[in-house]
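K.L.:
model this:
(chains A and B)
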Amino acid sequence: MAKHADRTYDPVAIEREWQARWDRDGTNSFTLDELRTAERPFFNLMMFPYPSAEGLHVGNIYAFAGADVHGRFKRMQGHDVFEPIGFDAFGIHSENFALKAGVHPMDLIPANVANFTRQLRRMGGMFDWAHTVDTTDAEYYKWTQWLFLQLFKHGLAEQKEAPVNWCPSDMTVLANEQVVVGACERCGTPVEQRFIRQWFLKITDYAGRLLDNLPHIDWSETTLKAQRAWIRRSRGARISFPVVTGADGIEEGAEQIAIPVFTTRPDTVFGATYMVLAPEHPMVDTVTTDARRTEVDAYRARTRAMDLVARQKVEKNKTGVFTGGYCMNPATREPVPVWIADYVLMGYGTGAIMAVPGHDERDFDFANTYELPIVRVVAAEGEDADTPLDIAYEYPRGRLVNSGPYDGLSPSEATGAIVDDLATRDLAESRVNYRLHDWCISRQRYWGPPIPIIHCDSCGPVPVPEEDLPVVLPRVEDFRPDDTGISPLARVRDWYEVPCPSCGRDATRETDVSDTFLDSAWYFLRYPSTDFGDRPFDDDITRRWLPVDTYIGGNEHAVLHLLYARFVTMALSDMDRVDFEEPFKQFRAHGLIIREGAKMSKSKGNVIVPDPIIEQYGADTFRLYLMFLGPFMAGGDYQDQGISGPHGFLHRLWESVVPQKGELPEHAIDPKLEQKLHRTIKRVTDQIANLRYNTAIAAMMEYLNAARAGGRTPCRVEVEPLVCLIAPFAPHMAEELWERLGHEGSIFDGANWPQFDADKAVEEEVRVAVQVNGKVRGTVSVPAGADRDAVIALARTEDNVARHLKGMEVRGVIHVPDRLLNFVAAREAVSSTL
RNA sequence: GCCGAGGUGGCGGAACCGGUAGACGCGAAGGUCUCAAAAACCUUUGCCCUUGCGGGCGUGAGGGUUCGAGUCCCUCCCUCGGCACCA
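P.N.:
Below is the predicted model:
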């Protein structure tokens, strides 16, 4: 063939050609019909990128290459692998970049997407370009808005007041990461909290299920751990502390107002010597006495002036003020003072605590600072009711003391008894609490999908009718956040002024846009259904392709993205829109690439730019090297010179299949090499399946080294299987070599993964290490499976072994078949020698 | 502080279930080819002693279990990642 006249390995030319052929032949894309009928569907998902202006960075390529290797491997084993990619292009990153660069995001994003697309093709990913997604495309976010409406209609979306970071100088809302040590990252003005009405999705309704499903999904252990910690279930009780009315003394009467607290330690309620409310707690005004009001208001103002991050710093000393009010401890029936302090958070539990300084470190600190009483109510072994407390005793072990009728009970016994007894007076109930908060999706920003709600004075919040979707984000030239503190969309009067869909009266659109995490919470559902303009996802297609078989991505999304996607899927499942609860059967977190021991960052100037490397070595070499750096799930250290190893390997492989002079020999396989080949097939197959790419590559290198040892020329049947084994890593080269070996069509069509044959992998001769008292003194070659006595006999003839056994009495022999022989020996007693 | 992962040659990293530590690759040294260089190929390469044969030491530190420990147990040190006043 004339086109194969050139025998040198030219990665750039080969890669360009095969990428064009894949496009032309539709090698990697599915038609709608193929999607409908695929017999062994395998959905191979990776986290779609945010298309930055800088282009793909190595971290992206590392993640995508690793996922692509997995997808190509599955495909070669005969699966119909669907491997889509898309662009997560809404959000504050794009918006901020656009602001800085003075470009409109509607112009910026398409350019970035085009550049990303070029780079993604160039790295040789098996992407289905017929099924991509761009979250900023109205054809996509129409369905993001639809999703919001479904959640709204099922009572899973509601408006609540919530604090935001507010920069009083820029007059704008800031995200937590835009706050640097309590100040606005742009102007340095101290940030304060403001309360505004925002939309929340009620993920907390699903907290229990989201937690309880975790043991049943095949995810990286670290990711499961992170989710568990994030949701965090606490079992305990809600206990009511009735407010004591009147200036002094207790008025026990009916109809008293009570303040509920949440506690995990109801057994310590007799030690609750004071109460603390969060400064924002709605009961603060009620309990505060006139005498204390000035001080209380000042403290609340001070708390509000703190940004949300600083508010939760642990290191600072605890502060608080007394409100002047009292509540009755329902167990002791004694009045306890009510304080406010910022160490109590409004967002958790009831926003109020019963403080048990004897048995809680935080309360202990606070009590010491403000000289509040500390009472011991649990005594550990060797302690009694009067043993002084130097520090809080937090363990639920010991016996109750100073607790009236409950004295002597263990903490767990007391927990049940106390809750039951208080329950009879309607003052307690068992309760499970979650750390997980509802998901705030409101963004007072421009670059996102408008939340499809219309506010009407008479009807309240009315959903935009589904047939009116999408609510198109209008092109606004001046999209800067401004001094109103609300979304820039609130300046576009002819956009937001609309009739109420329900009553027809004048109404206004919601001007907040939604969080990007909502865009990405369902994109995997859209991919296989992008052929449909009239529905977000098609039932038949979804049944066939989902849930996702493998999802590979970074652990930085272990919590938010993955949790939101699970929540949305679970909610859709409850609405009977999908027939599964969990979207991702398998999730694997990949590691991170560092460079020569240091984290890559723009500021250090040690970022790897992929394009020049691909130009110099080719995408195949780059992919292979990235996968060779270290275990995929652990990451690796990019050393600039290291790429020459994999590059040389590909050259040698090429040279072995396409000899520079002469023809590829056709003779039979060398028997020794055949054993090694089959052991290599097994190792590579097992290791790729477990994402142990680095050792899979090492095994292939070892095999090729053996096939070429001492300048040997391998024959066709010795190298052909290696072309298949390398294909997931170096797809372009594999295609080219496959064709040069005389095959028609793509190597990825037709289940070409080599078959492992156990019979052909057995070794006839093995080397057995011989030890004397655990130290290796020699090795012997024996037939595989040789028995103990034969190995012992042979081992004794080894000079060095014999020398070490001289004058020794062998007391035992350990034999590990085919591996090791160990003589356990001691110096002979003189009397026993001949 | 809590949780998780980890500490192995000059470097990145291997080592199944406790069984020859250092696979594979980089780097380094020597060699072949070349006018020369690059590339390619071959050999050597954990440290120490020894001309050689061989011997001693060696997987963060210290103990333990075992015929045998990178691997199991205990104590401690360090690095990285996550969570962090969640009652």
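K.L.:
the strands in the stretch 451-600 of chain A, which residues?
P.N.:
Listed in chain order, the strands of the stretch 451-600 of chain A (DSSP state E, counting those that start in this stretch) span residues A:453-456, A:460-463, A:497-499, A:506-509, A:513-514, A:548-554, A:584-590, A:592-595.
K.L.:
Nearest to A:I541, out of these?
P.N.:
Of all the strands of the stretch 451-600 of chain A, strand A:548-554 sits nearest to A:I541, with 13.4 Å by Cβ to Cβ. Where C-beta positions appear, they are placed from N, C-alpha and C, glycine not excepted.
K.L.:
Can you tell me the element the residue of chain A at minimum distance from RNA strand B falls in?
P.N.:
Closest approach between chain A and RNA strand B, counting by Cβ to the nearest atom of the strand: A:G645, at 2.2 Å. A:G645 is located in helix A:644-657, with elements delineated by DSSP states H and E.
K.L.:
Helix or strand next in line after that helix, which one?
P.N.:
Counting by DSSP H and E, what follows helix A:644-657 is helix A:671-689.
K.L.:
Can you check the pLDDT for A:V181?
P.N.:
In this model, A:V181 is scored at 64, pLDDT.
K.L.:
nope, A:K100 is what I was after
P.N.:
pLDDT, A:K100: 85.
K.L.:
cool, A:V830 as well?
P.N.:
pLDDT, read off for A:V830, is 50.
K.L.:
Excluding chain neighbours, what is closest to A:T415?
P.N.:
A:D267 (4.5 Å; Cβ to Cβ, 6 or more residues apart in numbering).
K.L.:
can I assume the one you found sits in a helix?
P.N.:
Yes: with DSSP: H, G, I helix; E, B strand; the rest coil as the criterion, A:D267 is located in a helix.
K.L.:
still on that earlier bit, could you count how many residues lie near the residue of chain A closest to RNA strand B?
P.N.:
Applying other Cβ atoms under 10 Å, we find 15 residues neighbouring A:G645.
K.L.:
Was I right to think it contacts A:L624?
P.N.:
No: taking contacts as Cβ atoms under 8 Å, A:G645 lies outside contact range of A:L624: 9.2 Å.
K.L.:
ok so, going back, kindly reformat the strands of the stretch 451-600 of chain A as JSON lines containing distance to RNA strand B.
P.N.:
Compiled in JSON lines, these are given as follows (distance: least, Cβ to the nearest atom of the strand, whole Å):
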{"stretch": "strand A:453-456", "distance to RNA strand B": "29"}
{"stretch": "strand A:460-463", "distance to RNA strand B": "29"}
{"stretch": "strand A:497-499", "distance to RNA strand B": "39"}
{"stretch": "strand A:506-509", "distance to RNA strand B": "34"}
{"stretch": "strand A:513-514", "distance to RNA strand B": "22"}
{"stretch": "strand A:548-554", "distance to RNA strand B": "10"}
{"stretch": "strand A:584-590", "distance to RNA strand B": "10"}
{"stretch": "strand A:592-595", "distance to RNA strand B": "8"}
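K.L.:
near RNA strand B, which residues of the stretch 201-350 of chain A?
P.N.:
A:221-222, A:225-226, A:229-230, A:232, A:234, A:236, A:262-265, A:278, A:312-314, A:316, A:318, A:342-345, A:347-349 (Cβ under 7 Å from any atom of the strand).
K.L.:
tell me, what residue is most central in chain A?
P.N.:
A:A558 (1.9 Å; Cα atoms, centre = their mean).
K.L.:
where do the strands sit along the stretch 151-300 of chain A?
P.N.:
With strands called from DSSP E, counting those that start in this stretch, the stretch 151-300 of chain A shows them at A:157-167, A:172-174, A:179-180, A:183-184, A:192-201, A:218-219, A:233-244, A:258-263, A:274-277.
K.L.:
Next, the buried residues of the fifth one.
P.N.:
Neighbour-count burial for strand A:192-201, counted by 16 or more other Cβ atoms under 10 Å, picks out A:192-194, A:196, A:198-201.
K.L.:
can you list the domain ranges for chain A.
P.N.:
Listed by automatic domain parsing, the domain ranges of chain A are A:2-136+A:520-595, A:150-206+A:441-516, A:233-434, A:610-631+A:640-760, A:763-832.
K.L.:
Could you count how many residues lie near A:E655?
P.N.:
15.
K.L.:
Run through the residues that contact the spatially closest residue to it that is not a sequence neighbour.
P.N.:
Nearest residue to A:E655, sequence neighbours excluded (Cβ to Cβ, 6+ apart): A:Y9, at 7.5 Å. The neighbours of A:Y9, taking Cβ atoms under 8 Å, 6 or more residues apart in numbering as the test, are A:650-651, A:654-655, A:658, A:733.
K.L.:
which of those residues are buried?
P.N.:
Applying 16+ other Cβ under 10 Å to those flags A:650, A:654, A:658, A:733 as buried.
K.L.:
Sort these by pLDDT and name the bottom one.
P.N.:
Ranked by pLDDT, these bottom out at A:V658, which has 89.
K.L.:
From what I see, that one and A:E739 are in contact.
P.N.:
No: contact criterion Cβ under 8 Å: A:V658 and A:E739 do not qualify, at 11.0 Å.
K.L.:
those strands in the stretch 701-834 of chain A, which residues are they?
P.N.:
A:765-772, A:775-783, A:808-816, A:820-827.
K.L.:
A:P499 and A:A507 touch, don't they?
P.N.:
Yes: if you go by Cβ under 8 Å, A:P499 and A:A507 touch, sitting 6.3 Å apart.
K.L.:
close enough to count as contact, A:R777 and A:V770?
P.N.:
Yes: the criterion here is Cβ under 8 Å, and A:R777 meets it with A:V770 at 5.9 Å.
K.L.:
overlap in contacts of these two?
P.N.:
Common neighbours of A:R777 and A:V770, counting by Cβ under 8 Å, 6+ apart, are A:798, A:801.
K.L.:
The residues of the stretch 201-350 of chain A next to RNA strand B, buried ones only, as a PyMOL selection?
P.N.:
Command for PyMOL that selects the buried part of those, burial taken from 16+ other Cβ under 10 Å:
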select buried, chain A and resi 226+230+236+262+263+264+265+278+318+342+343+344+349
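K.L.:
just to revisit the earlier point, for the residue nearest to the centre of chain A, give me its contacts.
P.N.:
A:A558 makes contact with A:222-223, A:226-227, A:589, according to Cβ under 8 Å, 6+ apart.
K.L.:
Let me have those in JSON lines, adding distance to A:P105 as columns.
P.N.:
Output for these, formatted as JSON lines (distance: Cβ to Cβ, whole Å):
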{"residue": "A:T222", "distance to A:P105": "34"}
{"residue": "A:T223", "distance to A:P105": "32"}
{"residue": "A:A226", "distance to A:P105": "31"}
{"residue": "A:Q227", "distance to A:P105": "32"}
{"residue": "A:A589", "distance to A:P105": "30"}
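K.L.:
Which pair of those residues spans the longest distance?
P.N.:
Taking Cβ to Cβ, no two of those sit farther apart than A:Q227 and A:A589, at 11.6 Å.
K.L.:
Give me the below-cutoff pLDDT ranges for the stretch 1-150 of chain A.
P.N.:
A:1-5 (pLDDT under 70).
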